[in-house]
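Colleague: With the input below, show me the fold.
(chains A, B, C and D)
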Protein chains: 2
Amino acid sequence: MLQVSRKFEYGLHAVTYLATKGLGRVVTVKEMADELGFSQEFLSKAMQSLKRAGIAASVQGVKGGYMLGKSTDAITVADIAIAIEGEPHLVRCGVKADRCEIFSSCHHRGYMNTLQHKIQVLLAATTIHSLLKEVAG
Amino acid sequence: MLQVSRKFEYGLHAVTYLATKGLGRVVTVKEMADELGFSQEFLSKAMQSLKRAGIAASVQGVKGGYMLGKSTDAITVADIAIAIEGEPHLVRCGVKADRCEIFSSCHHRGYMNTLQHKIQVLLAATTIHSLLKEVAG
DNA sequence: GTTAAACAGGACTATTTTAACCCTATTATC
DNA sequence: GATAATAGGGTTAAAATAGTCCTGTTTAAC
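Modeller: Purely as a prediction, here's the structure:
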């Protein structure tokens, strides 16, 4: 049921990895994949998503790689989730109304939407900065 | 990403349907499936899960069917989720440690677990009683 | 006691989503 | 120009979800 995707896990690990390396340091996908034990190709996709969202910045060419696109307290877990998985939809009808047989007569769409919003608030409450501090402390 | 399963949606709708029918009233799966526009067989599976969890009670034989197993303020959305989907695992390593390549060196398992717990608290905060009142109000 | 309407549940299939891989650009350093 | 990197489209593989089928059991009604 409520489970995050592996791509999100990859992305979150990558961001914390970049964070520990410092804001300016450029790191290749290969290094991260080796270090974290992930598939290089797949992590690469995650990084591309993070880049599009401005969470990571990239340098192309030889000596290229990724670095953080903002400071660690300007990136929340919610930002990473949205960058990688797009806008959240707790229920199908949020994606497209015709995915639900009883859209017009449904009694709990309102509740599901507020629930989804509350979950987003939870994710948005944690910045990478606070996450790292939690681990260290 | 974070999306509830259709089986859960079916189950939640079925419970609220039973609730509007009153605590003692026995309703067949056929009636519910017709009324809600769901597959009878699949809804039947959801009902069986709800029954095992005590959320619904069943009467077998002709004239049989389902009714609520407890009062509407003793059933939370979390109860239904657990009945139908089992214990939640926001991350793979919660299911089984070897589902994660970096279990031993992972830095945010603790965070993910508290996050999961907070989501459960959200789900547990809504009873069927309060959900119905919200719709009516 | 036979029939029929319902739940119970195991096993199977189909569909959808997720994960992963392949291959071809493009970019930039040396 | 060779090479090491990102960028990204397209395809395949694996896993999870959704749905079906079939057989059994229970019990009210006749």
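Colleague: how about low-confidence regions in chain A?
Modeller: The model of chain A has pLDDT under 70 over residues A:97-99.
Colleague: Let's see that with 80 instead.
Modeller: By pLDDT under 80, the weakly predicted segments of chain A are A:1, A:94-102, A:135-137.
Colleague: Which strand or helix spans the residue nearest the centre of chain A?
Modeller: When CA atoms, centre = their mean is applied to chain A, the residue found nearest the centroid is A:Ile80 (2.2 Å). Using DSSP states H and E, A:Ile80 maps to helix A:77-85.
Colleague: What residue in chain A comes nearest to DNA strand C?
Modeller: Closest contact between chain A and DNA strand C, by CB to the nearest atom of the strand, is at A:Gly61 (2.0 Å). Any C-beta I mention is one placed from the backbone N, CA and C, and that applies to glycine too.
Colleague: Number of residues surrounding the closest residue to A:Arg52 other than its chain neighbours?
Modeller: Ranked by CB to CB, 6 or more residues apart in numbering or on different chains and with sequence neighbours excluded, the top spatial neighbour of A:Arg52 is A:Ala83, at 7.0 Å. Residue neighbour count, defined by other CB atoms under 10 Å in any protein chain shown, stands at 22 for A:Ala83.
Colleague: So A:Ala83 is in contact with A:Ser49, correct?
Modeller: Yes. With the criterion set as CB atoms under 8 Å, A:Ala83 and A:Ser49 qualify as a contacting pair; they are 5.2 Å apart.
Colleague: Common neighbours of these two, please.
Modeller: In terms of CB atoms under 8 Å, 6 or more residues apart in numbering or on different chains, A:Ala83 and A:Ser49 are both contacted by the residues A:Gly11.
Colleague: hang on, the earlier thing: can you tell me which residues contact the residue nearest to the centre of chain A?
Modeller: Neighbours of A:Ile80 in contact, by CB under 8 Å, 6+ apart: A:8, A:11-12, A:15, A:50, A:55.
Colleague: Would you mind naming what in chain A lies close to DNA strand C?
Modeller: Within chain A, the residues that sit near DNA strand C (CB under 7 Å from any atom of the strand) are A:5-7, A:38-39, A:41-42, A:45, A:59-64.
Colleague: so which of those is the most crowded?
Modeller: A:Phe38 (21 neighbours).
Colleague: Verify the stated contact: that residue with A:Met32.
Modeller: Yes. Taking contacts as CB under 8 Å, A:Phe38 lies within contact range of A:Met32: 7.4 Å.
Colleague: For A:Val77, give me its contacts.
Modeller: Residues near A:Val77 by CB under 8 Å, 6+ apart: A:12, A:123-124, A:126-128, A:131, B:115.
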